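Q: Got a sequence here, can you build the structure:
(2 chains)
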There are 2 protein chains.
Amino acid sequence: MNVADAEQLDAAAPLAFTRERFRLPEGVVYLDGNSLGALPAVASAALANTAEQQWGEDLIASWNKHGWIDWPTRLAAKLAPIVGAKSNELLIADSTSICLFKLLAAAVGARPGRKTILTQRRNFPTDLYVAQGLAEMLGLTLKAVEPDGILAAIDADTAVVTVTHVDYRSAAFFDMRGINEAARAAGALVVWDLSHSAGAIELDLNGSGAELAIGCGYKYLNGGPGAPAFLYAARHLQDGLINPLQGWMGHAEPFAFVDDYRPADGMLKFLTGTPSILALAALEAGLATFDGIAMRDIVAKSRSLSQLFIAEVEARCGGEVRLASPRDPAMRGSHVVFAHPDGYAVMQALISRGVVGDFRAPDLMRFGFAPLYNSHAEIVRAAEILADILATREWDQPRFKARARVT
Amino acid sequence: MNVADAEQLDAAAPLAFTRERFRLPEGVVYLDGNSLGALPAVASAALANTAEQQWGEDLIASWNKHGWIDWPTRLAAKLAPIVGAKSNELLIADSTSICLFKLLAAAVGARPGRKTILTQRRNFPTDLYVAQGLAEMLGLTLKAVEPDGILAAIDADTAVVTVTHVDYRSAAFFDMRGINEAARAAGALVVWDLSHSAGAIELDLNGSGAELAIGCGYKYLNGGPGAPAFLYAARHLQDGLINPLQGWMGHAEPFAFVDDYRPADGMLKFLTGTPSILALAALEAGLATFDGIAMRDIVAKSRSLSQLFIAEVEARCGGEVRLASPRDPAMRGSHVVFAHPDGYAVMQALISRGVVGDFRAPDLMRFGFAPLYNSHAEIVRAAEILADILATREWDQPRFKARARVT
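A: Numbers count the residues shown, from 1 in each chain, chains lettered A, B, ... in the order given. Sure, this is the predicted structure:
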């Protein structure tokens, strides 16, 4: 396919109009929305209003006047249709890692006597680190198995299983329903990390029997660098959960200023300290990029983009790169990974030509497709440039091989 | 004193020029900077640049190009002179409550065998809640005593003492050096909450033998609503501390993406998840309001403002209000509390007349003095209006008695 044909495809695509909801730099093909979502068009005005009008003019009164106190739940309601859960099952708070600690600890507390946290090897690192920290603190066992061994490893000592739904490298995903059912049958809970799922694929947390989950606000949800994260707990489970990171914002009466902690009802108990209102303002702009969009259209466009990318790369680059993601789009999230022995340098060369993906050791070039703003024409252009870089060995230069601090 | 005399005092004051570093609403006397610091003049431009140029244009490359990865330590260096510590003893992270959890857990871990966390009754609520949550999780005892009983209560079972340096109600403060020495003599650690101290009084963490502390970014540091907080750990202690909330940002090699956690050296290990870059941009604007200012000038102006307020209120309001803060300014932080049986309604009447303080149960009207932007003329005006409201019983209206959600 050439770029002109791809542009025709874009013109007919149901989500062509949503690119206007973002500000993207001219001449850049941004395929890293799985790492940091693009800037929503309204984000800067939202930040200016929050800073100048609310903070600057109304000052402390904004907690009431602009309802700051309700923002963590108000934004949670906007997330609900994106992840297939009810508003009162979600909360915006802290970082993904802190949210995971809260729910893992709550899950362990809800399964007294069970001493094992089960996870996958090569899970996203912070998930492993959080679980290691909690296990050391509480004298639990953290058992990490190969991804395909999760089901068989759930046993009577398993308090909680924690896995990342869509793998950050390959984009392969776990069978959410199957793991939920196996865990429930064994009396264990599951905490899903939805960081690479939320906003990218059609999630149905309620329908698939998910009971606990957390996820990231700054990837496909477009909430800005280091955006607040989210927690999900199924309604029927909430009353039995204890948030170990107790703070005044999670108190039943935060402004009674009493000495004894009494958790708020529902999800609010999972708040701890005062949330960053500015960060929430940006996340709200990110969530608004999904306004009126059906997740099935997101998935359809994601598959259309990623399938086109695989086809174009394989047709243009021959055997120089190897697909390291599932070939079946129904088995993948919204990014695709190609392996190349000099993947790091090839990716730097791509970036210098305006095609922005990222690299994951040892040899993986990762390309994310954000259905709200990426186009088929961009996909063809990216494949063209990749083929050119490989054909000319343009990547084989010291400047592309020097490692940056953040990769 | 009348307003004209106070204006003369302002003209001669060494910090008169720093009011221009803020954007304050016309006609408002803002005496609640101890709850939410005012908007720095450069904050909105900093947010716009961070959003539009960095996030919007440079996208994921900003982690390297704009050094986002270093912001938590870069901002910590700006905080160092404000709190009297070395740059490598500070870190910006999370919320105050989360930071307190980290340091309390680290302190308990550094004193194995000791089972008591000692604190003060009527400490700031979130401090108590955090300590309660940790104590329940680890099977420790949380012992809360009257503030003047802290020294006597430190014993061989005390792992850690945690107190708020400046009381959020009365502004009375603890003798930092004395408690540090008593704790050290007993083999215990101390975690100071500096939320009402940092930016308001002259702190000398190093000189007073403080080993652990946390504090708030959104009060006198002017970092914006829900700004990131800070942690302090004396250099000699750092290697022995374990952060229980382990995350990838605190890993020795965050971008190696390895399965096993290995803490970064120094304060960096206290990072957990990805920090909000937008929230950090605002906090940086807040810290910049202290550029080139000696903390001794801050203290001198704080005392000048608060002594004038006490004198004017007592002269104008007679026995209708009762000073509920220490009378000696050397024994107080930068706010002053007056008690009145209908304090809530009186404060609402004040706010409706443009004098913004806040209320703390049962009867305390709290007035904060931010030396960087409050003036003597404002103080006289506030006292005048308070006297008028009391003399006319203007506060005695239903609209001033109806409680808001956030007080």
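Q: near chain B, which residues of the stretch 51-200 of chain A?
A: Residues of the stretch 51-200 of chain A that fall close to chain B, judged by C-beta under 8 Å from any C-beta of the partner chain: A:51-52, A:54-64, A:68-69, A:94-98, A:101, A:105, A:121-126, A:128-130, A:132-134, A:136-138, A:144. From N, CA and C alone the C-beta is placed, and that goes for glycine too.
Q: The residues you listed in helices, which ones?
A: A:62-64, A:96-98, A:101, A:105, A:125-126, A:128-130, A:132-134, A:136-138 (DSSP state H).
Q: Of these, just the buried ones, PyMOL syntax please.
A: Command for PyMOL, covering only those of those found buried under the criterion 16 or more other C-beta atoms under 10 Å in any protein chain shown:
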select buried, chain A and resi 62+63+96+97+98+101+105+125+126+128+129+130+132+133+134+137+138
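Q: in the sheet, who's paired with the residue nearest to residue A:331 when sequence neighbours are not counted?
A: Distance criterion C-beta to C-beta, 6 or more residues apart in numbering or on different chains; nearest residue to residue A:331, sequence neighbours excluded, is residue A:172 at 6.3 Å. Partner residues in beta bridges with residue A:172, using DSSP bridges, are residue A:332.
Q: can you tell me which residues contact the residue in the stretch 51-200 of chain A that chain B sits nearest to?
A: Across the stretch 51-200 of chain A, no residue is closer to chain B than residue A:95, which sits at 2.6 Å (C-beta to the nearest C-beta). Residue A:95 is in contact with A:226, A:228-229, B:94, B:247, B:272-275, counting by C-beta atoms under 8 Å, 6 or more residues apart in numbering or on different chains.
Q: show me where chain A has helices.
A: A:3-12, A:43-48, A:62-65, A:71-83, A:96-109, A:125-138, A:150-153, A:176-185, A:235-238, A:277-288, A:295-317, A:343-352, A:376-392, A:398-401.
Q: how about JSON lines for the ones you listed, with mean pLDDT added?
A: Shown next, in JSON lines, are those (pLDDT from 0 to 100):
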{"stretch": "helix A:3-12", "mean pLDDT": "93"}
{"stretch": "helix A:43-48", "mean pLDDT": "98"}
{"stretch": "helix A:62-65", "mean pLDDT": "98"}
{"stretch": "helix A:71-83", "mean pLDDT": "98"}
{"stretch": "helix A:96-109", "mean pLDDT": "98"}
{"stretch": "helix A:125-138", "mean pLDDT": "98"}
{"stretch": "helix A:150-153", "mean pLDDT": "98"}
{"stretch": "helix A:176-185", "mean pLDDT": "98"}
{"stretch": "helix A:235-238", "mean pLDDT": "98"}
{"stretch": "helix A:277-288", "mean pLDDT": "98"}
{"stretch": "helix A:295-317", "mean pLDDT": "97"}
{"stretch": "helix A:343-352", "mean pLDDT": "98"}
{"stretch": "helix A:376-392", "mean pLDDT": "98"}
{"stretch": "helix A:398-401", "mean pLDDT": "96"}
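Q: what about those, which gets the closest to residue A:262?
A: helix A:235-238 (15.2 Å; C-beta to C-beta).
Q: can you pull the alpha-carbon coordinates of the closest one into CSV?
A: Extracted C-alpha coordinates of helix A:235-238, given in CSV (Å, rounded to 0.1, in the frame of the first residue of the first chain):
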residue,chain,number,x,y,z
ARG,A,235,-18.6,-3.5,44.3
HIS,A,236,-19.2,-6.7,46.1
LEU,A,237,-15.6,-6.9,47.3
GLN,A,238,-15.1,-3.3,48.5
